[in-house]
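S.K.: everything below, folded, please.
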Amino acid sequence: MAVLAISFSKALLEKLRASLISAFKLKNIQAYRLATALICYGEGRGIKEIAILFGISFKTVVNWLLKFMSGGIDWVMGKHYHGRGRKEKLTKAQQKQLHDMVTEGPEAHGFSSGIWNCAMIAELILLKFSVCYNLNYLPSLLKKLGLSFQKAHFISDRQDEEKYEQARKVWLEETLPALIKKAKEEKAVVLFGDEVSFAMWGSLARTWAPIGQQPAVKTRGIRKGLKMFGTIELGGGSFQYRQLLAYSLQPKSLKLLKEAALPAELLALLKTLKGELYATKFDFINALKALIDEKLMINYQEVILKHTETAGKFNGATYIEFLKQLLAHYDSKIFLVEDGAPYHHSKIVTEFKSLNAGRLTITPLPAYSPDYNPIEKLWKNTKRDATHLKYFKTFEDLYESVVKTFKSYMQDASKIICVMQKMREDFAIAG
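M.R.: All right, here's what the predicted structure looks like:
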């Protein structure tokens, strides 16, 4: 066999070393390998040694040298290279067709399930295009087509879908911009409000754990929830919340009050209120005042309230108490964005809003559009930090965990602002 004898000048070796650096920066592995092999040859290593070093054949090294002699540095840096990887199995037109079919849903294409999975989509591709895809690759293809695996949301079957989408579009493009503009002109605060419940039995979520050992979380299984109203402010990121408390004298309440050493005559009076439910603290205290003399009220009001507290209800009366709290907290006008909860339009709430129209302006969200309310993201974050995978032995434990998270929001506005980041950027809101 003839021995290939080629020598490289110092200038050529310097160019190869420069191409080696470029290949590294560009993450061009093939060019990096070629440049390294050629530098080894130029520095005096033999073809056989290079072949062993790179795990390739003697002939391959010879071919590299010959191609380098004809193509030069340009050949090393990949101008000979015309793409990497296999050719796409689906044409652009077929990819567009696949995107549309996935968007239409499984039932539109003969499947009984309403949920797409990769196996179903692979079957669809095979049936429609006679192309077979590996299930492990399909998620990458679908992501490339602009598709993602998402949770669906409900819309009312009583409304036209086109009108529904149009209403959402109008709210985003007209209602919200006009609202923010007017709020700036009147130096008002823009608040997004909502209600939320936190279950005492906790909440589950995914977490890292040893393979084969599913994480277990204790639960008392008590069907009791902590109910809250809340608002977040678009401009400064302030946060307001109100726990829904009702008051009721139940057998357990009377037992606890007896253990708290209340006088027998006071317990006898309280028993006359047994079974009654008072929607607000104000109503309950008025009922107590009508029954108990002032001295007993002063001495025992706090302990009575403590042992008669129970979860309240989302209704017109409790919502008005929260609106009063907002009006007391903010000195400026309030532009409040709220959803379509029925009690928001109850007679007593409508009357309260009318009486306070000079300071309180209400803007409703479009129907079935919780995704347009940024406070929903805050509730999600709260459950992540306060209730996911946690055990609450008592209702007080749940309350303390949630309120601790709420207080962190009030101390660090960035935790509020982050859930409104895009909206603030869209409307150039500084703060």
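S.K.: who does the strand or helix carrying Ile50 touch, helix- and strand-wise?
M.R.: Per DSSP states H and E: Ile50 is located in helix 47-54. Using 3 or more Cβ pairs under 8 Å, 6 or more residues apart in numbering; DSSP states H and E, the elements in contact with helix 47-54 are helix 29-42, helix 58-76. Backbone N, C-alpha and C define where each C-beta goes, glycine included.
S.K.: from Phe352, how far off is the spatially most central residue of the chain?
M.R.: Nearest to the mean C-alpha position of the chain, counting by Cα atoms, centre = their mean, stands Lys377 at 5.4 Å. Counting by Cβ to Cβ, to the nearest Å, the separation of Lys377 from Phe352 is 28 Å.
S.K.: give me the element the residue nearest to the centre of the chain is part of.
M.R.: Assigned by DSSP H and E, Lys377 falls in helix 375-386.
S.K.: quick one: contacts of that helix?
M.R.: 192-194, 196, 198, 203, 205, 230-232, 239, 370, 401-402, 404-406, 409, 415-416, 419 (Cβ atoms under 8 Å, 6 or more residues apart in numbering).
S.K.: longest strand of this protein?
M.R.: If you go by DSSP state E, the chain has its longest strand at strand 189-199.
S.K.: give the other helices and strands that it contacts.
M.R.: Using 3+ Cβ pairs under 8 Å, 6+ apart, strand 189-199 sits against helix 176-185, strand 225-233, strand 334-338, helix 375-386.
S.K.: at 6 Å what do you get?
M.R.: strand 225-233, strand 334-338, helix 375-386 (3 or more Cβ pairs under 6 Å, 6 or more residues apart in numbering; DSSP states H and E).
S.K.: what about the longest one, average pLDDT?
M.R.: Regarding helix 375-386, the rounded mean pLDDT is 95.
S.K.: that helix: what's the following helix or strand?
M.R.: Per DSSP H and E, the first helix or strand lying C-terminal to helix 375-386 is helix 395-411.
S.K.: check the offset of the least confident helix or strand in the chain by mean pLDDT from the chain's centre.
M.R.: Every helix and strand of the chain was ranked by mean pLDDT, DSSP states H and E. The lowest is strand 309-311, at a mean of 80. Relative to its parent chain, strand 309-311 has a centroid offset of 30 Å by Cα atoms, centre = their mean, to the nearest Å.
S.K.: buried residues, that strand. List them.
M.R.: Under the neighbour-count criterion of 16 or more other Cβ atoms under 10 Å, strand 309-311 has Glu309 buried.
S.K.: got the contact list for it?
M.R.: When contacts are defined by Cβ atoms under 6 Å, 6 or more residues apart in numbering, strand 309-311 is touched by residues Lys227, Leu245, Ala246, Ser248.
S.K.: close enough to count as contact, the last one and Leu277?
M.R.: Yes. At 4.7 Å, Ser248 counts as touching Leu277 under the criterion of Cβ atoms under 6 Å.
S.K.: quick revisit: give me the buried positions along the helix holding Ile50.
M.R.: Quick answer for helix 47-54 (16+ other Cβ under 10 Å): Ile47, Ile50, Ala51, Phe54.
S.K.: now swap in stretch 409-426 and tell me
M.R.: Tyr409, Ala413, Lys415, Ile416, Ile417, Val419, Met420, Met423, Arg424.
S.K.: helix or strand right after the helix or strand containing the fourth one?
M.R.: With the criterion set as DSSP H and E, the secondary-structure element containing Ile416 is helix 414-417. For helix 414-417, the following helix or strand on the C-terminal side (DSSP H and E) is helix 421-426.
S.K.: ramachandran angles for the residue lying closest to His388 once chain neighbours are set aside?
M.R.: Spatial nearest neighbour of His388, excluding adjacent residues (Cβ to Cβ, 6 or more residues apart in numbering): Ala205 at 4.2 Å. Here is the backbone geometry of Ala205 (degrees, to the nearest 10): phi -160, psi 170.
S.K.: low-confidence regions, the stretch 301-431 of the chain specifically.
M.R.: 431 (pLDDT under 70).
S.K.: which other helices and strands contact the helix or strand encompassing Lys25?
M.R.: Using DSSP H and E, Lys25 maps to helix 10-26. If you count contacts as 3+ Cβ pairs under 6 Å, 6+ apart, helix 10-26 packs onto helix 29-42, helix 58-76.
S.K.: so which of those helices is the most surrounded?
M.R.: Comparing the helices and strands packed on helix 10-26 by mean neighbour count (mean count of other Cβ atoms under 10 Å), helix 29-42 ranks first with a mean of 19.
S.K.: contacting residues around that one?
M.R.: 8, 13, 16, 19-20, 23-24, 50, 54, 68, 76-78.
S.K.: related to what we said a few turns ago, do you know which of the helices and strands packed on helix 10-26 lies nearest Leu365?
M.R.: helix 29-42 (52.1 Å; Cβ to Cβ).
S.K.: tell me where the stretch 251-400 of the chain has strands.
M.R.: Assigned by DSSP state E, counting those that start in this stretch, the strands in the stretch 251-400 of the chain fall at 277-278, 309-311, 334-338, 360-364.
S.K.: deepest-packed of those strands, please.
M.R.: On a mean-neighbour basis (criterion: mean count of other Cβ under 10 Å), the most buried of the strands of the stretch 251-400 of the chain is strand 334-338, at a mean of 21.
S.K.: what angle separates that one from helix 176-185?
M.R.: 160 degrees (axes from the mean of the first three to the mean of the last three Cα atoms, to 10 degrees).
S.K.: can you name every helix or strand that strand 334-338 contacts?
M.R.: Packed next to strand 334-338, using 3+ Cβ pairs under 6 Å, 6+ apart, are strand 189-199, strand 360-364.
S.K.: Gly212: which of the ones you listed is closest?
M.R.: If we rank the helices and strands packed on strand 334-338 by Cβ to Cβ, the stretch that ends up nearest is strand 189-199, at 28.2 Å.
S.K.: in its sheet, what does that closest one sit against?
M.R.: Under the criterion DSSP bridges, strand 189-199 sits next to strand 225-233 (antiparallel), strand 334-338 (parallel) in its sheet.
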